[in-house]
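Student: the following comprises the amino acid sequence and a computationally predicted model.
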Amino acid sequence: MGLINAWRGLISSNDDVNKRRNRLKRMYTGAKFDRTNLSWVTPLSSPDQSYKNSINTLRKRVHDLVRNNNYASQAIRYATNQIVGQGVTMQAQIKSQRGGTPNTRINESIESEWSRWGRKDSCDIRGVLCFSELERLAVRSMIESGECFIVIHRKAYGRSKIPFSLEILEAEQLDEDYKGTTKNNKNVWRLGIELSPEGRAVSYAFLKKHPGDTNFATIPEENRHIIVAAKDVVHLFLPLRPGQHRGVPFLASAINHLHQLDGYIEATVVGQRASSALMGFITSPEGELDVGGEVFDYERVSGFEPGTFKYLAPGESISVPDLDKANGEFEPFVRAMLRSMASGLGCSFEAISSDYSQSNYSSSRLAMLQDRDHWRTIQKMLKESFYQPIFEQWLEMAVLSGTLSLPTYSTTPEVYEKVRWVCRGYSYVDPQKEIAAQKEAVRCGFKTLTDVVSENGGDIEELLIARQTELAKLDEMNIITDSDPSATNKSGGSQFKPINTVDPFGDTEEPTGEDAENVAEGSDGNY
């Protein structure tokens, strides 16, 4: 057979060879190896393995940038503000068994107890953060470190009677090197998490103190850890790959550019200072006339000061570098680096740099809308992975402690777990057009008033109650404003119907004030 195959190869036509070459050409160009990409190392690793090899260095560098780099600090602050703002509002959605109408009494009692528990002396185990501050810190930690842990303690603190409190821990406090015993022979420890064969978290191995704490080294090795059951831990992170068990900092792909940008700005600033301060040198046969000056460790100290001339000793000469002022490439380079960083974070360049000089209204609005889509995606994740799990466990402890009396909770707890989380809203970019569009959407039935109010970060029930109170007060004081559509139209004219206006039901209300002088009651009972 070998001779036959060899003979076939000898007599194969050039067409066959060309066909093989064409098949090779149809491969992905990005997978080719040539002289331009031989140094491109691409190891095959799982999400957890990639995390293990890089995460400590990544976190240290991100922390350093956030401490010392203005743009990194602004990026973290901006993302936190856009995602959580001043906090998320909870609206209970329990309905009555008869009629399906909202059960106002139970809803108000749940919301009231949740608000009372959210005080800093009650919800935070340390008594430092109220719930809105705690959720803001958790989101900020998730963005900066890639993940955050909230440990649930079933103990009452402060003025709360509910045995339920929270403790927020940094990502570094979970020991990814822990290899202790497992609850089941089939379970494994991976990156500080005990996993079942299905990959579900069973336990977490936390260090009792932060590894960067100076007192951590004094704790004996066998007493350094505390094992917490997964049901008492809220692990907050944004998975990027299937099978990922730990989070990665949002700025991971941008830290190299940020570091290089730091060095570039520093070098430019130092160069400009030296160029601006140095005036010139004077050479004299007798040397410097004033041989005093500053001496440190037997050496003369030289410094640059604005408007000064320096004397040189006999025989000395100086070579002054060409310290020209920054050319026109400085700002374009900084903008390019910031655009790269903003892309890594998932937001627009204008938001990070606060520079709107290069954009117009349309482009700024488009960038803002794209940013909001990204923030809303993270908000939805927070509702499912942070707010709802915490609320459900809080509600259970509130009922068990007798703080809340909810009939049938023991048999149908899911009925009372229905809540609406109202995240921060976003102000209008073009109020006139956007409000008109929302009005049309409501009139056409594409949206509800609840949707519109929630999109702007409001509570429909609070709005309606406040609106009712406001209108009642206006009627009581006999004040008519154009903000009341039942009294005036958009032009400020009266909404009361004049004479001869047909009302088949004959129930038009009697006008009051100045309108009463201009209209009269007809035979059909209309005004």
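Tutor: Right, received. Where do you want to start? Computed from a predicted structure; not experimentally measured. Numbers count the residues shown, from 1 in each chain.
Student: okay, now the unreliable bits of this protein?
Tutor: By pLDDT under 70, the low-scoring segments of the chain are 1-27, 217, 277-312, 315-328, 457, 482-527.
Student: which residue ranges form the strands in it?
Tutor: 89-92, 147-153, 165-169, 188-190, 193-195, 201-207, 225-229, 233-237, 278-283, 295-296, 299-300, 308-312, 419-422 (DSSP state E).
Student: so for residue 127, which of the ones you listed sits nearest?
Tutor: With C-beta to C-beta as the criterion, residue 127 lies closest to strand 165-169 of the strands of the chain, at 9.3 Å. C-beta coordinates here come from the backbone N, C-alpha and C atoms, glycine included.
Student: contacts for that closest one, please.
Tutor: 122-126, 129, 134, 137-138, 141, 148-153, 155-157, 206, 390 (C-beta atoms under 8 Å, 6 or more residues apart in numbering).
Student: next, the angle strand 147-153 makes with it.
Tutor: Comparing the axes of strand 165-169 and strand 147-153 via axes from the mean of the first three to the mean of the last three C-alpha atoms, to 10 degrees yields an angle of 150 degrees.
Student: just put the strands of the chain in CSV and tack on mean neighbour count and distance to residue 70.
Tutor: Below are the strands of the chain laid out as CSV (neighbours: other C-beta atoms under 10 Å; distance: least, C-beta to C-beta, whole Å):
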stretch, mean neighbour count, distance to residue 70
strand 89-92, 20, 32
strand 147-153, 20, 24
strand 165-169, 20, 26
strand 188-190, 17, 37
strand 193-195, 22, 35
strand 201-207, 20, 32
strand 225-229, 15, 37
strand 233-237, 20, 26
strand 278-283, 13, 28
strand 295-296, 8, 33
strand 299-300, 10, 36
strand 308-312, 13, 31
strand 419-422, 18, 33
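Student: can I get those strands in TSV with distance to residue 443?
Tutor: Converted to TSV, the strands of the chain look like this (distance: least, C-beta to C-beta, whole Å):
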stretch	distance to residue 443
strand 89-92	25
strand 147-153	43
strand 165-169	44
strand 188-190	55
strand 193-195	51
strand 201-207	48
strand 225-229	52
strand 233-237	40
strand 278-283	71
strand 295-296	80
strand 299-300	83
strand 308-312	75
strand 419-422	23
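Student: for the ones you listed, which one sits closest to residue 182?
Tutor: Per C-beta to C-beta, nearest to residue 182 of those: strand 193-195, 5.6 Å.
Student: what helices or strands is that closest one leaning on?
Tutor: strand 188-190, strand 201-207 (3 or more C-beta pairs under 8 Å, 6 or more residues apart in numbering; DSSP states H and E).
Student: tell me the strands beside it, with direction?
Tutor: strand 188-190 (antiparallel), strand 201-207 (antiparallel) (DSSP bridges).
Student: send the alpha carbons of the last one over as PDB?
Tutor: What follows is strand 201-207, C-alpha atoms only, in PDB (Å, rounded to 0.1, in the frame of the first residue of the first chain):
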ATOM      1  CA  ALA A 201     -20.700  26.700  46.600                       C
ATOM      2  CA  VAL A 202     -21.000  24.900  49.900                       C
ATOM      3  CA  SER A 203     -18.700  26.800  52.200                       C
ATOM      4  CA  TYR A 204     -16.300  29.800  52.100                       C
ATOM      5  CA  ALA A 205     -12.900  29.900  53.900                       C
ATOM      6  CA  PHE A 206     -12.400  33.500  55.100                       C
ATOM      7  CA  LEU A 207      -9.400  34.800  56.900                       C
END
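Student: what's in contact with that strand?
Tutor: 149, 151, 169, 173-175, 178, 180, 182-184, 187, 189, 192-196, 216, 224-230, 233, 235, 245.
Student: between strand 233-237 and that strand, find me the angle.
Tutor: 90 degrees.
Student: next one: strand 201-207 to chain centre, how far?
Tutor: 25 Å (C-alpha atoms, centre = their mean, to the nearest Å).
Student: for the first one, same thing?
Tutor: How far strand 188-190 lies from its chain's middle: 30 Å, per C-alpha atoms, centre = their mean.
Student: contacts for it, please.
Tutor: Applying C-beta under 8 Å, 6+ apart, the set of residues contacting strand 188-190 from outside is 48, 178-180, 182, 194-195, 205, 245.
Student: out of those residues, name the two that are farthest from one another.
Tutor: Every pair of the contacts of strand 188-190 checked by C-beta to C-beta; the farthest is 48 and 180, at 17.9 Å.
Student: and which of the contacts of strand 188-190 is nearest to residue 336?
Tutor: residue 48 (34.1 Å).
Student: not counting sequence-adjacent ones, nearest residue to residue 178?
Tutor: Nearest non-adjacent residue to residue 178, counting by C-beta to C-beta, 6 or more residues apart in numbering: residue 205, 3.8 Å away.
Student: ok, what's across the strand from the one you found?
Tutor: residue 227.
Student: of the contacts of strand 188-190, which is the nearest to residue 82?
Tutor: Of all the contacts of strand 188-190, residue 82 sits closest to residue 245, with 27.0 Å by C-beta to C-beta.
Student: number of nearby residues for that closest one?
Tutor: 19 (other C-beta atoms under 10 Å).
Student: for residue 188, see how far away it is.
Tutor: Look at residue 245 and residue 188: by C-beta to C-beta, to the nearest Å, they are 11 Å apart.
Student: can you list residues touching both of the two?
Tutor: The contact lists of residue 245 and residue 188 share residue 195, where a contact means C-beta under 8 Å, 6+ apart.
Student: is it true that residue 151 touches residue 228?
Tutor: Yes: at 5.9 Å, residue 151 and residue 228 qualify as touching, with contact defined as C-beta atoms under 8 Å.
Student: which residues touch residue 358?
Tutor: Residues in contact with residue 358 (C-beta under 8 Å, 6+ apart) are residue 335.
Student: can you check residue 155 too?
Tutor: 163-165 are the contacts of residue 155 under C-beta under 8 Å, 6+ apart.
Student: change it to 7 Å
Tutor: Going by C-beta atoms under 7 Å, 6 or more residues apart in numbering, residue 155 touches 163, 165.
Student: the closest residue to residue 72 other than its chain neighbours: neighbouring residues, count only.
Tutor: Nearest non-adjacent residue to residue 72, counting by C-beta to C-beta, 6+ apart: residue 65, 4.0 Å away. Other residues lying near residue 65 total 25 when counted by other C-beta under 10 Å.
Student: can you give me every residue that contacts residue 65?
Tutor: 72, 255, 258.
Student: once you drop chain neighbours, what's closest to the second one?
Tutor: In other words, residue 255. Using C-beta to C-beta, 6+ apart, the closest residue to residue 255 is residue 61 (5.1 Å).
Student: what's the burial count for the one you found?
Tutor: 18.
Student: what do you get for residue 146?
Tutor: 24.
Student: against residue 108, how distant is it?
Tutor: Distance of residue 146 to residue 108, given as C-beta to C-beta: 39 Å.
Student: same question, residue 231
Tutor: Residue 231 is 29 Å from residue 108, by C-beta to C-beta.
Student: what's the answer for residue 226, then?
Tutor: 39 Å.
Student: residue 424 now?
Tutor: 23 Å.
Student: so between the two, which is more surrounded?
Tutor: Each of residue 424 and residue 108 has its neighbours counted (other C-beta under 10 Å); residue 424 has more, 17 against 13.
Student: apart from its chain neighbours, what residue comes closest to the more buried one?
Tutor: residue 85 (3.1 Å).
Student: I figured the one you found hits residue 426, correct?
Tutor: No: applying C-beta atoms under 7 Å as the test, residue 85 and residue 426 come out as separate, 9.3 Å apart.
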